[in-house]
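Participant: model this:
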Amino acid sequence: MSTIKEKLRKNAWAGAIAQPAQEFPATPLPVISGQIPPGLRGTLYRNGPARLERGGMHMGHWFDGDGAILAVHFTDTGATGVYRFVQTAGYKEEAAANQLLYGNYGMTAPGAIWNKWFKPVKNVANTSVLALPDKLLALWEGGKPYALDLQNLETWGEDDLGGLTDGLAYSAHYKRDPQTGEIFNFGIALGFSPTLYIYKSDTTGKIVQKAAHKLDGLPLVHDFVLAGQYLVFCIPPVRLNLLPALTGFSSFSDAMAWQPSKGTQILVIDRQTLNLVSRGETEPWFQWHFGNGYVDASGTVIVDIARYEDFQTNQYLKEVGFGETHTAAKSTLSRIHINPQTGEVTNIQQILDRHCEFPSVPPQNVGQAFRYTYMSSFRQGTDISRELLNAIACYDYQTETLTEADLGENRYASEPIYAPDAENPEKAWVITVVYDGNSHRSEVWVFDALRLNEEPVCKLELPSVIPPSFHGTWKPA
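Facilitator: Numbers count the residues shown, from 1 in each chain. Sure, this is the predicted structure:
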């Protein structure tokens, strides 16, 4: 049987996670090709699991890795990179002990069974980032955010945003209204009376309003969408068997069951009052991520998702953490039509028959009608059961065309991040972090947002390999 190290050597993409990531302080980034656009001014932040083992013990799922943040500051004098682990309480405790001490999404706590009973999991702060005026938040949906310095990424500690009491979590997938600056997010309270908490924050991130809604069972809710005057949740038929997870007899991942007979539940929330408008139910599917939502002229809520037919994606993502995948899990860009007053899904349309993940729209279009969706995908001909996402693309709803950036063999791009040009409102850029499995190095590639099929306008060299990350954001200067 192959060892984990052998698997990590076998696949080009696996080289990026073969060793814990190496931090680096503020470092000027050499330009490999092209030049930095004069209107690209601000900071790219990315977050992802960067350590998957400690003390000779491997973590149980890709989701369990300790989070590390990459910041790339674009200024008039060039680009500077910083990369640091989020110094969570659990990270520091395990670093001091040089061993894993906690369970997490895909693993139980090490040691005897009584050591696992009702033991809290470690907040790995590894999923996304929220850039606020005075701080950066490292987000992970099972707990509170960690606040960091916007420039040097020093960890300041847990942040309650003025409204997160003990036991309340703050999801990785906030939505920021481009017109009001309001920030919406949610958290799930586990227990025998599972509850969905919804938060509204002001532009500083301070929670100014929250509401609680009871849930049917313990579902896996990773994301939601802002659509005009509504917040919409599509709750897939995945349910957690809580007792085995809490008592340490099973990891949370292994205690998740796909129950398609339950269908997908639709919750429509009024964004002003945070009250429930309607609940509906439709055919089963699973999604990690939404693209965007809006209300059309007829009053119908339009929601775009990266849709899976089942929950096999969880097994695929577990395998990623061990360096070798064999489970096929295809997701397609799909559009859902919802009657907001009843929660009824009136139409489901597949937009593309190509794998789609991490769909997003330009930040000025969040919650409103839009033309372009950016996404991660696979190169044509890729065996998706054995590879990692290796392309980025843009779908144009007006022309119904897909424009792709083909990075070449053995190169793997992170989720595309849209960055408006500071000088020209008609221009924008798309930034991705690329791991080159041919040379075992990481680079920052900058594309013209409307010309992904052309050569990047700029490539920057990073001082060390950046493992595949989950989510990022752009903060204008």
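Participant: and the spatially closest residue to Asp202 that is not a sequence neighbour, how many neighbours does it have?
Facilitator: In space, and not counting its chain neighbours, Asp202 is closest to Val208: 5.4 Å by C-beta to C-beta, 6 or more residues apart in numbering. C-beta here means a position set from N, CA and C on the backbone, and glycine is covered the same way. Using other C-beta atoms under 10 Å, the number of residues around Val208 comes to 14.
Participant: same thing with Tyr294?
Facilitator: Considering only other C-beta under 10 Å, Tyr294 is surrounded by 21 other residues.
Participant: how close does it get to Phe370?
Facilitator: 7 Å (C-beta to C-beta, to the nearest Å).
Participant: Is the nearest residue to Ala16 once chain neighbours are set aside bridged to anything, and to what?
Facilitator: Distances taken as C-beta to C-beta, 6+ apart place Tyr435 nearest to Ala16, at 4.5 Å, with adjacent residues excluded. Under DSSP bridges, the beta-bridge partners of Tyr435 are Tyr412, Ser442.
Participant: And Tyr435, how far from Leu389?
Facilitator: For Tyr435, the distance to Leu389 - C-beta to C-beta - is 11 Å.
Participant: what touches both of these two?
Facilitator: Jointly contacting Tyr435 and Leu389 under the rule C-beta atoms under 8 Å, 6 or more residues apart in numbering are Tyr412, Pro468.
Participant: Of these two, give the one with the bigger neighbour count.
Facilitator: Between Tyr435 and Leu389, counted using other C-beta under 10 Å, the more crowded position is Tyr435 (28 against 21).
Participant: need the contact list for the more buried one.
Facilitator: Applying C-beta under 8 Å, 6+ apart, the residues near Tyr435 are Trp13, Gly15, Ala16, Arg411, Tyr412, Arg441, Ser442, Val465, Ile466, Pro467, Pro468.
Participant: Next up, the contacts around the closest residue to Val320 other than its chain neighbours.
Facilitator: Take Val320 and drop its neighbours on the chain: the residue closest to it by C-beta to C-beta, 6+ apart is Trp62, 4.6 Å away. Taking C-beta under 8 Å, 6+ apart as the contact definition, Trp62 lies against Pro49, Leu52, Gly106, Leu317, Lys318, Val320, Gly321.
Participant: same thing with Arg307?
Facilitator: Here Arg307 is in contact with Trp285, Phe286, Gln287, Ser331, Thr332, Leu333, Ser334, Gln350 (C-beta under 8 Å, 6+ apart).
Participant: which residue ranges form the helices in this protein?
Facilitator: 4-10, 89-97, 242-246, 312-320 (DSSP state H).
Participant: do you know which of those lies nearest Thr43?
Facilitator: helix 89-97 (23.1 Å; C-beta to C-beta).
Participant: where does the stretch 1-150 of the chain have low pLDDT?
Facilitator: Scanning the stretch 1-150 of the chain for pLDDT under 70 picks out 1-9, 112, 114-116, 118.
Participant: ok, back up a step: for His289, see how far away the residue nearest to Ala16 is.
Facilitator: Where His289 is concerned, Tyr435 sits at a distance of 21 Å (C-beta to C-beta).
Participant: Report how many residues lie close to the closest residue to Gln259 other than its chain neighbours.
Facilitator: The shortest distance from Gln259 to any non-neighbouring residue, by C-beta to C-beta, 6+ apart, is to Pro237 (4.7 Å). Here the number of neighbours of Pro237 (other C-beta under 10 Å) works out to 23.
Participant: My guess is Pro237 contacts Lys262. True?
Facilitator: Yes. Counting by C-beta atoms under 8 Å, Pro237 touches Lys262, with 3.9 Å between them.
Participant: joint contacts of those two?
Facilitator: In contact with both Pro237 and Lys262: Pro284, using C-beta under 8 Å, 6+ apart.
Participant: No more questions from me, cheers.
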